[in-house]
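Asker: This is a predicted model, with the sequence first.
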Amino acid sequence: MMTATINKQRLLTTLFSTLKKHYGEPGQPPERPILEQMVYALLREGCTRTDADKAFDCLLKTFFDWNEVRVSSPHEVEEVLTGLPHPSAKAQRLIALLQEVFESTFTYDLEGLTKKGLKQAAKQIGRYQAADDYTVAWVTQQSLGGHAIPIDPPTLRTARRLGLTEDDANPEATRASLEHQVPKAKGSVFVEYLSLLAKDFCWEEEPNCQACPMRGECQTGVTDPRCQGNGRRPKPR
């Protein structure tokens, strides 16, 4: 157990240094009100910061305010979210989230949650049906001052292949494990790096292991036949 922990810590150290050289140091994400962080988390799930930023900015430019988004049709909102994974589902969730918030507070101001304490605030955010575990973890990390690692399918896939978590670990177990391994101060950077790896190399089908900067350290990269040799598939006999 101790050896496995040491190996994971070494892998994390290598990951941060290698991806800093490859991608550069991610800038600090802007501070946003809690509602906007919830909206952003919904957009961010399953994609990179660049894609989420583009969609979020487009929302702000297209609609007058969050109330206009709430009363718009899913199709109108979906058109703004083009480029994100599952834009139709995200549009419906976004409208549902804003509707829930409005019905519960008659405003779009959730800043009062910061006075409730971390656990209570996170619990209240989780009560919104349109919010999920990723949303709660994202807001906890970005707005509530807590240590949380948001886990979406690309992050889960990449963490498993790197060997940072067990292959059969579910998102909840993976999050708990990563939160234990990754220091709070590096949580945001870790999320950025794994999302970039997932988009650029660690694809669900036929991952581009040959070009991945983590190939030499990745558990999959050193064992999967696709990652060996010159990267060319052997000719059939």
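Answerer: All right, it came through fine. Numbering: from 1, shown residues only.
Asker: can I get the CA coordinates of the helix or strand containing Leu43 in PDB?
Answerer: Here Leu43 is covered by helix 34-44, with elements defined by DSSP states H and E. This file holds the C-alpha atoms of helix 34-44, laid out as PDB (Å, rounded to 0.1, in the frame of the first residue of the first chain):
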ATOM      1  CA  ILE A  34     -22.000  31.200  -7.100                       C
ATOM      2  CA  LEU A  35     -24.800  31.000  -9.600                       C
ATOM      3  CA  GLU A  36     -22.500  31.800 -12.400                       C
ATOM      4  CA  GLN A  37     -20.100  29.100 -11.100                       C
ATOM      5  CA  MET A  38     -23.000  26.600 -11.200                       C
ATOM      6  CA  VAL A  39     -23.800  27.600 -14.800                       C
ATOM      7  CA  TYR A  40     -20.200  27.400 -15.800                       C
ATOM      8  CA  ALA A  41     -19.800  24.000 -14.100                       C
ATOM      9  CA  LEU A  42     -22.700  22.700 -16.200                       C
ATOM     10  CA  LEU A  43     -21.000  23.900 -19.400                       C
ATOM     11  CA  ARG A  44     -17.500  22.800 -18.300                       C
END
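Asker: For that helix, name the packing helices and strands.
Answerer: Applying 3 or more CB pairs under 8 Å, 6 or more residues apart in numbering; DSSP states H and E, we find helix 34-44 packed against helix 49-62, helix 87-105, helix 133-142. C-betas here are computed from N, CA, C, even on glycine.
Asker: and that helix, what's its mean pLDDT?
Answerer: Mean pLDDT, computed over helix 34-44, is 98.
Asker: What are the buried residues along that helix?
Answerer: Buried residues in helix 34-44, counted by 16 or more other CB atoms under 10 Å: 34-44.
Asker: So which of those residues is the closest to Trp138?
Answerer: For these, the minimum distance to Trp138 (CB to CB) is 3.7 Å, reached by Ala41.
Asker: The closest one - nearest residue in space that isn't next to it in sequence?
Answerer: Spatial nearest neighbour of Ala41, chain neighbours left out: Trp138 (3.7 Å); criterion: CB to CB, 6 or more residues apart in numbering.
Asker: that older thread, from the helices and strands packed on helix 34-44, which stretch is densest packed?
Answerer: For these, average neighbour numbers computed from mean count of other CB atoms under 10 Å are highest in helix 133-142, which has a mean of 24.
Asker: Show me this protein divided up by domain.
Answerer: The chain breaks down by automatic domain parsing into domains covering 2-27+149-211, 34-142.
Asker: Identify whichever of those domains lies nearest to Gln219.
Answerer: domain 2-27+149-211 (3.2 Å).
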